[in-house]
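> Attaching a predicted model along with its sequence, questions to come.
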Amino acid sequence: MESRVLFSSQFNFPVNSPFKTRETSIAPLTPSRNVLSFSFRSPAERCAMRIVPLVKAASSAPQIVAEVDGSRDEPRRKKLAVFVSGGGSNFRKIHEGCSDGSVNGDVVLLVTNKKDCGGAEYARSNGIPVLVFPKSKREPSDGLSPSELVDVLRKYGVDFVLLAGYLKLIPVELVQAFPKRILNIHPALLPAFGGKGLYGIKVHKAVIESGARYSGPTIHFVDEEYDTGRILAQSAVRVIANDTPEELAKRVLHEEHKLYVEVVGAICEERIKWREDGVPLIQNKQNPDEYY
Ligand SMILES: Nc1nc2c(c(=O)[nH]1)N[C@@H](CN(C=O)c1ccc(C(=O)N[C@@H](CCC(=O)O)C(=O)O)cc1)CN2
Ligand SMILES: NCC(=O)N[C@@H]1O[C@H](COP(=O)([O-])[O-])[C@@H](O)[C@H]1O
């Protein structure tokens with residue numbers, strides 16, 4: 001039985017903190033690019049809320065800081081590039097989310113190291129351009145160099161890069177060109193069961209052999225190494241005593257599909273906020289005062 005637990009980390013501000021209650025008065029300032037701390041008196045004030053300077057709470061609780069330009073327009077529709085190496089079921093779910101309104105974005109490019117994989121076939125059948133990266137050893141004329149890949153992503157106006165079962169190392173050129181804009185989904189609860197050599201069914205085999213009672217997908221920002229970037233979201237899946245790796249993989253993949261569409265939806269609605277200690281959080285769509 002999977003338990004869908006979003007590790008919610010509500011901020012427990014101390015009693016005397018100006019952030020604890022909704023009665024906090026907010027000193028209005030002229031809207032400008034500013035640092036904003038998130039606390040609101042009521043929905044009415046929230047609408048009229050101006051930018052306020054970050055006020056350090058008495059507690060040691062890390063503060064949420066974000067830059068806003070004071071605009072209240074709906075976030076523009078985002079352009080997404082998805083990287084796959086296999087069947088692409090996460091890619092397909094994200095693409096469906098773009099069509100059904102769950103995701104305020106469009107997949108404008110599919111990148112793969114295996115041009116005949118299932119994800120590439122799905123992209124071609126849906127009119128999405130397919131690029132090969134990195135260059136294939138067997139067909140060096142086919143495929144892009146790291147700098148060519150960065151150029152193409154920029155030419156297409158890509159806002160976010162989404163890795164979904166992509167099995168090659170993203171080069172530092174791309175990581176540096178798209179800071180805080182490359183996400184990956186891993187089929188285990190990082191930082192456990194991640195790193196070089198741990199991908200696909202190998203991950204689930206390692207989880208079962210370890211005796212872990214829970215597994216589940218992790219969505220994280222991508223840095224220069226495998227699976228070491230900042231964790232953005234996870235959900236828990238119970239490991240059953242006699243699970244085979246394939247049975248566990250199936251349950252985890254089901255959770256991946258739900259979690260990735262939810263997270264990409266938040267990314268495209270600009271609901272990612274960065275805590276001052278560098279931890280990224282997702283702002284609750286129904287209640288902007290809450291983060292998880
Ligand atoms: N710079 C980054 N690149 C990539 C990351 C990342 O976090 N930073 N995530 C991976 C995805 N991934 C786990 O989520 C992962 C994929 C592949 C491997 C791996 O060991 N690959 C083998 C080659 C496998 C093959 O060619 O079939 C290897 O490098 O020897 C580990 C983790 C995507 N890129
Ligand atoms: N470490 C990377 C890794 O193992 N990624 C995993 O590959 C599968 C791709 O499935 P899909 O192609 O059907 O989306 C997914 O389970 C994803 O978490």
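Cool, got the structure. Numbering: from 1, shown residues only. Ligands and ions are numbered 1, 2, ... in the order given.

> Around residue 126, how many other residues sit close by?
12 (other C-beta atoms under 10 Å). Glycine gets a C-beta too; all of them are placed from N, C-alpha and C.

> Now do the contacts for it.
residue 95 (C-beta atoms under 8 Å, 6 or more residues apart in numbering).

> how much space is there between it and ligand 2?
Per C-beta to the nearest ligand atom, to the nearest Å, residue 126 is found 15 Å from ligand 2.

> for the protein, what spans make up the helices?
43-48, 89-100, 118-125, 146-155, 172-177, 201-210, 245-268 (DSSP state H).

> Tabulate these (a markdown table), appending mean pLDDT, distance to residue 136 and mean neighbour count.
Listed next are the helices of the chain as a markdown table, based on pLDDT from 0 to 100; distance: least, C-beta to C-beta, whole Å; neighbours: other C-beta atoms under 10 Å:
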| stretch | mean pLDDT | distance to residue 136 | mean neighbour count |
| --- | --- | --- | --- |
| helix 43-48 | 46 | 52 | 11 |
| helix 89-100 | 98 | 20 | 20 |
| helix 118-125 | 98 | 13 | 19 |
| helix 146-155 | 98 | 14 | 16 |
| helix 172-177 | 98 | 18 | 16 |
| helix 201-210 | 98 | 23 | 18 |
| helix 245-268 | 98 | 27 | 20 |
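
> okay if I get those helices as JSON lines plus distance to ligand 1?
JSON lines is the format used below for those (distance: least, C-beta to the nearest ligand atom, whole Å):
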{"stretch": "helix 43-48", "distance to ligand 1": "36"}
{"stretch": "helix 89-100", "distance to ligand 1": "11"}
{"stretch": "helix 118-125", "distance to ligand 1": "14"}
{"stretch": "helix 146-155", "distance to ligand 1": "11"}
{"stretch": "helix 172-177", "distance to ligand 1": "6"}
{"stretch": "helix 201-210", "distance to ligand 1": "8"}
{"stretch": "helix 245-268", "distance to ligand 1": "11"}
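
> closest one to residue 229 among these?
helix 172-177 (8.8 Å; C-beta to C-beta).

> Which other helices and strands does that closest one contact?
helix 146-155 (3 or more C-beta pairs under 8 Å, 6 or more residues apart in numbering; DSSP states H and E).

> let's go with 10 Å and repeat that
Other helices and strands packing on helix 172-177, by 3 or more C-beta pairs under 10 Å, 6 or more residues apart in numbering; DSSP states H and E, are helix 146-155, strand 160-163.

> Would you mind writing the CA trace of the longest one as PDB?
Once side chains and other backbone atoms are set aside, the C-alpha atoms of helix 146-155 remain, and they are given as PDB (Å, rounded to 0.1, in the frame of the first residue of the first chain):
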ATOM      1  CA  PRO A 146      27.600  20.400 -25.000                       C
ATOM      2  CA  SER A 147      28.000  24.000 -26.300                       C
ATOM      3  CA  GLU A 148      25.700  23.200 -29.300                       C
ATOM      4  CA  LEU A 149      23.100  21.800 -26.900                       C
ATOM      5  CA  VAL A 150      23.200  25.000 -24.800                       C
ATOM      6  CA  ASP A 151      22.800  27.100 -27.900                       C
ATOM      7  CA  VAL A 152      19.800  25.100 -29.200                       C
ATOM      8  CA  LEU A 153      18.100  25.200 -25.800                       C
ATOM      9  CA  ARG A 154      18.500  29.000 -25.700                       C
ATOM     10  CA  LYS A 155      17.300  29.400 -29.300                       C
END
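
> ok, and what's touching it?
Contacts to helix 146-155, defined as C-beta atoms under 10 Å, 6 or more residues apart in numbering, come from residues 79, 81, 83, 108-109, 111, 129, 131-135, 143-145, 158-159, 161, 170-174, 176-178, 181.

> Next, format the helices and strands packed on helix 172-177 as JSON lines and append distance to ligand 2.
Below are the helices and strands packed on helix 172-177 laid out as JSON lines (distance: least, C-beta to the nearest ligand atom, whole Å):
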{"stretch": "helix 146-155", "distance to ligand 2": "19"}
{"stretch": "strand 160-163", "distance to ligand 2": "8"}
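
> Cool, thanks, signing off.
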